[in-house]
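*Asks:* Could you work out the structure for the sequence below:
(one chain, ligands or ions: 1)
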Amino acid sequence: MRTDNAAYVERDLAHVWHPCTQMKDHEHVPLIPIRRGEGAWLEDFEGKRYLDAISSWWVNLFGHANPRINAAVRAQLERLEQVILAGFTHEPVIRLSEALTAVAPAGLTRCFYADNGSSAVEVAVKMSFHYWRNVGRGEKRRFITLSNSYHGETLGALAVGNVELYKDIYQPLLMDVITVPSPDCYERDSGESWAEHTRRKFVHMEAALQRHAHETAAVILEPLVQCAGGMRMYDPVYLTLLRAACDRHQVHLIADEIAVGFGRTGTMFACEQAGIRPDLMCLSKGLTAGYLPLSAVLTTEPVYAAFYDEYVTLNAFLHSHSFTGNPLACSAALACLEIFRSDGVLERNRALSARLGERARALQDHPHVAEVRQRGMIVAAELVRDKAAREPYPWQQRRGLAIYRHALSRGVLLRPVGNVVYFMPPYVITPEEIDLMVEVAREGIELATCA
Ligand code: PMP
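*Replies:* As a prediction, this is how the structure comes out:
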């Protein structure tokens, strides 16, 4: 049997329908079959290696085939692979809940599990709505969201998100939400600071809350970075103002830390940079260091208490997924938190993100790069047709795809979002690998913008 790349590609394309993909593209865009991974590198079936500059869709934190996480999952596998979490429990989920509530913003003491990010958002949305119903405020059933936000692909998550490309076609299936302009600092006036712009944008949120608080269950947002919306960033002051406004208007604050949690923005959770505690916090991706599907919604005692009652009141939160709190996934998450605890990860990341920022800022001089922005271990460069006017390239030209292809040929996995080239590497990346990643992006930008 053939074991070259082409053989796997042929077999794959005969049956596999890939996510987030126009399958016809694979008539000309190569599909890369991966046989193994190690650290920040992936290797195909012919031995070609790719530096994983996007952490395999923002999930991987400590490298592929990490020996410590492997050992933890292997040990758990010998004991218990899966058990129903209703009526039964197991040691990894107990220990993980203790560990998560210890590192999360104080007051988030209750953990509800699911098995992917979108499901965590569904849980948070349902839980908030249901809370208000249980406390006799059933009219509070709407959600406020930011323009350009992303919260996942299932219908509830899609409804509270706002990226047109993913949402528009399904609009007839979605609940109606209240959308407020994002504080996105790419749109700030020249000379305006991030904090000034962010504060200025908050007036829209305040107005929406004043008008709709009586019928609103929660505001949901991605703290500090709107990732799928093109790594657009804003100042922490927005979160501070929002926390105060949500308290004033009696509306929940749902922080979707699925992409930004676990050290991505420089602190364990992005909310910490504003010193706030959300009412519900969604976690996934880095929760298991990118090993296994798992998600969690952390919430407070008051929210938990509103569901705690005699069965016949039917106030219980009856949401469930078969693989809720899977023991293997929980053991990977525990190993991940142990690495954070023992290895000074956030400290080491400070040096890495300084290197990344310093190298990537050189891209700013390119005639087709309007902005290079950074928050911790996320750095993004915004490509434009006209730098002075900040006029974007038409999306149909797919400039990002040209960069993706160039990077692959040079052994780097970059996956621009539209006209935004970004770096979101695993935390085990070395300074030399950072230099390679940025250099290859620079070549790709050159190539993609020369005509
Ligand atoms: N929220 C955010 C902020 C995300 O970035 C994502 C995934 N990119 C999701 C939710 C959805 O997570 P999943 O893909 O695991 O459903």
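*Asks:* In the helix or strand harbouring Arg248, which residues are buried?
*Replies:* In this structure, Arg248 sits in helix 237-249 according to DSSP states H and E. By neighbour count on 16 or more other C-beta atoms under 10 Å, the buried set for helix 237-249 is 237-243, 245-246, 249. C-betas here are computed from N, CA, C, even on glycine.
*Asks:* Next to the ligand in this structure, residues from the protein, please.
*Replies:* 116-118, 121, 150-152, 222, 227-228, 256, 258-259, 284 (C-beta under 6 Å from any ligand atom).
*Asks:* Helices - which of those residues land there?
*Replies:* 117-118, 121 (DSSP state H).
*Asks:* Neighbour-wise, which one of those leads?
*Replies:* Val121 (31 neighbours; other C-beta atoms under 10 Å).
*Asks:* Restrict the host helix or strand of Ala448 to CA atoms and write it as CSV.
*Replies:* Assessed by DSSP H and E, Ala448 sits inside helix 431-449. Output of helix 431-449 as CSV, limited to C-alpha atoms (Å, rounded to 0.1, in the frame of the first residue of the first chain):
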residue,chain,number,x,y,z
PRO,A,431,12.9,32.7,19.5
GLU,A,432,14.5,31.3,16.4
GLU,A,433,11.3,29.7,15.3
ILE,A,434,9.5,33.1,15.9
ASP,A,435,12.0,34.7,13.5
LEU,A,436,11.4,32.1,10.9
MET,A,437,7.6,32.4,11.2
VAL,A,438,7.8,36.2,10.8
GLU,A,439,10.3,36.1,7.9
VAL,A,440,8.1,33.6,6.0
ALA,A,441,5.0,35.9,6.6
ARG,A,442,7.0,38.8,5.3
GLU,A,443,7.9,36.9,2.1
GLY,A,444,4.2,35.8,1.8
ILE,A,445,3.0,39.4,2.2
GLU,A,446,5.5,40.6,-0.4
LEU,A,447,4.4,37.9,-2.9
ALA,A,448,0.6,38.4,-2.2
THR,A,449,0.7,42.2,-2.6
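*Asks:* and it, what's its mean pLDDT?
*Replies:* Here helix 431-449 scores 98 as its mean pLDDT.
*Asks:* quick revisit: can you tell me which of the residues of the chain next to the ligand end up in strands?
*Replies:* If you go by DSSP state E, these have Asp256 in strands.
*Asks:* What is the nearest of the residues of the chain next to the ligand to Leu346?
*Replies:* Distances from Leu346 to these, taken as C-beta to C-beta, are shortest for Ala259 (17.0 Å).
*Asks:* Residues touching the helix holding Arg248, excluding its own?
*Replies:* Under the criterion C-beta atoms under 8 Å, 6 or more residues apart in numbering, residues 183, 195, 198-199, 201-202, 205-206, 209-210, 213, 216, 219, 221, 223-224, 251-253, 255, 270-271, 273-279 lie in contact with helix 237-249.
*Asks:* for it, the distance to its chain's centre please.
*Replies:* From the chain centre to the centre of helix 237-249 is a distance of 22 Å (C-alpha atoms, centre = their mean, to the nearest Å).
*Asks:* Put the alpha carbons of that helix into CSV.
*Replies:* In CSV, the C-alpha atoms belonging to helix 237-249 read as follows (Å, rounded to 0.1, in the frame of the first residue of the first chain):
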residue,chain,number,x,y,z
VAL,A,237,-11.3,49.6,30.0
TYR,A,238,-14.2,48.3,28.0
LEU,A,239,-14.5,45.3,30.3
THR,A,240,-14.3,47.5,33.4
LEU,A,241,-17.1,49.8,32.1
LEU,A,242,-19.2,46.8,31.0
ARG,A,243,-18.9,45.1,34.4
ALA,A,244,-20.2,48.2,36.1
ALA,A,245,-22.9,48.8,33.6
CYS,A,246,-24.1,45.1,33.7
ASP,A,247,-24.3,45.4,37.5
ARG,A,248,-26.2,48.7,37.3
HIS,A,249,-28.7,47.3,34.7
